[in-house]
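Novice: Return a 3D structure for these sequence lines:
(2 chains)
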Protein chains: 2
Amino acid sequence: MFIPKIYKSEDQELMKKIISENAFALLISDKQRLSATHSMFLLNEKEDNFYVETHISKANFQAKVLKDGDEVLCDFLGAHSYISSSWYEKTNVSTWNYEAVQIRGKVKLMTDEELYQHLTKLTFKFEKIQKCPMFVETIGEEMVRKEMKGAFGINIYPTEIFIANKLSQNRNEFDFENIILNLGQSDSANEKKIAELMKKNRSLI
Amino acid sequence: MFIPKIYKSEDQELMKKIISENAFALLISDKQRLSATHSMFLLNEKEDNFYVETHISKANFQAKVLKDGDEVLCDFLGAHSYISSSWYEKTNVSTWNYEAVQIRGKVKLMTDEELYQHLTKLTFKFEKIQKCPMFVETIGEEMVRKEMKGAFGINIYPTEIFIANKLSQNRNEFDFENIILNLGQSDSANEKKIAELMKKNRSLI
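Specialist: A predicted model of the protein is given here:
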């Protein structure tokens, strides 16, 4: 992932936040042929390290070819918004602000037990906020193990991490304030979020 | 892209809509190494056919290696939302609804004139809704041509098109209505959009 230095972050907490908030992400591989699947991811922290987990259908081409040690790329796109150069003081070209994480890593196929734990954690993450949560324990082990037969679970051990935090860091004070003002007036959740991230990012500098 | 038959669409108008509404998409390649870049796309219709256009920074690894005829994959993710199985009549596992398009295609590098036209159209698309639009004509040819020196433009001619329209088509009437009800009560634009798409999609069946 190409990230100009000014937009590149090394902030592991930001990385975890982007992955956690954008769990429906993209699993990309090029074993035999270029393929990409939208799937649900979890970040698994182990002492000072971490890996990501996901599962796809066994009927998916990627499930048929991916083996231990194969390289994949996982793409997590967070908030993003068009930035109009009409908001700038001086004439210039428009751009797009965004936050994103890419994890390049090596595949390790899950064991049945790991897949069961993965589904338990994933379900907990999204069900705990429901009115009548349907946890794995609620669904029952029998049904979950039956559904698991169609699922292909993998852990991805990072070899390279990219954290993009493109938030108009290259603009002067006038432009920066005017971008926030314009995005803040939008009805779009993405645009409002980028305005918030810009404010927060500046306060950290 | 693996799409179970029940969620697979052949609707070219839907494809164009998803691409147009989700123009900030992902350019994926595996020339020399697996790489992916978030960039702005345009769909270009030519008589009964079409191709997609995008541009990235010349400093990007993909710009250094991609040549005419290379294969790339373009991923456009539209609205998406977690679907809790707690909204179902009978016990089952949860899932994710979404609409997405993937275009597998062959690269053709843009000429300078094509890149100029691409930037003109792209800027028009996003500037026409601004209060004081900053079109390419407003910015001026000199500045646009100067900025273009850092840009790498490509056209992508489709060899394979995937249109995913996963909208709970496998659920019974009770579940379907209850999913729409629950998503409709959410504050999330994505969830509201999936509820709308579900209603619209059912009315077409």
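Novice: Wasn't residue A:68 part of a strand?
Specialist: No: going by DSSP: H, G, I helix; E, B strand; the rest coil, the assignment for residue A:68 is coil, not a strand.
Novice: any idea where the helices of chain A begin and end?
Specialist: A:12-21, A:61-65, A:112-127, A:136-139, A:141-148, A:173-184, A:189-204 (DSSP state H).
Novice: mind listing what the residue nearest to the spatial centre of chain A touches?
Specialist: By CA atoms, centre = their mean, chain A has its centre lying nearest to residue A:76, at 2.5 Å. Residue A:76 is in contact with A:18-19, A:22, A:25-26, A:41, A:100-103, counting by CB atoms under 8 Å, 6 or more residues apart in numbering or on different chains. The way it works is simple: take the backbone N, C-alpha and C, and place the C-beta from them, glycine included.
Novice: Sort out which one of those residues lies nearest residue B:45 for me.
Specialist: Distance ranking of those against residue B:45, using CB to CB, places residue A:26 first at 26.4 Å.
Novice: how about a markdown table for the contacts of residue A:76, with pLDDT added?
Specialist: Shown next, in a markdown table, are these (pLDDT from 0 to 100):
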| residue | pLDDT |
| --- | --- |
| A:18 | 98 |
| A:19 | 98 |
| A:22 | 97 |
| A:25 | 98 |
| A:26 | 98 |
| A:41 | 98 |
| A:100 | 98 |
| A:101 | 98 |
| A:102 | 98 |
| A:103 | 98 |
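Novice: between the helices of chain A, which gets nearest to residue B:158?
Specialist: Taking CB to CB, helix A:61-65 is the member of these nearest to residue B:158, at 18.5 Å.
Novice: now could you export just the CA positions of the closest one as CSV?
Specialist: Output in CSV follows, covering the C-alpha atoms of helix A:61-65 (Å, rounded to 0.1, in the frame of the first residue of the first chain):
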residue,chain,number,x,y,z
PHE,A,61,-12.2,-20.6,-4.7
GLN,A,62,-9.8,-19.1,-2.1
ALA,A,63,-10.9,-21.8,0.4
LYS,A,64,-9.9,-24.5,-2.2
VAL,A,65,-6.4,-23.1,-2.9
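Novice: and it, which residues are buried?
Specialist: A:61-63 (16 or more other CB atoms under 10 Å in any protein chain shown).
Novice: contacts with chain B among those, please.
Specialist: Contacts with chain B within these, as defined by CB under 8 Å from any CB of the partner chain: A:61-62.
Novice: so which of the buried residues of helix A:61-65 comes closest to residue B:108?
Specialist: Of all the buried residues of helix A:61-65, the one with the least separation from residue B:108 (CB to CB) is residue A:61, at 26.2 Å.
Novice: can you tell me which residues contact that closest one?
Specialist: Neighbouring residues of residue A:61 by CB under 8 Å, 6+ apart: A:32-33, A:35, B:2.
Novice: Turn these into CSV, including neighbour count, pLDDT and distance to residue A:138.
Specialist: Formatted as CSV, the contacts of residue A:61 follow (neighbours: other CB atoms under 10 Å in any protein chain shown; pLDDT from 0 to 100; distance: CB to CB, whole Å):
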residue, neighbour count, pLDDT, distance to residue A:138
A:32, 11, 97, 39
A:33, 13, 97, 39
A:35, 23, 98, 34
B:2, 19, 94, 29
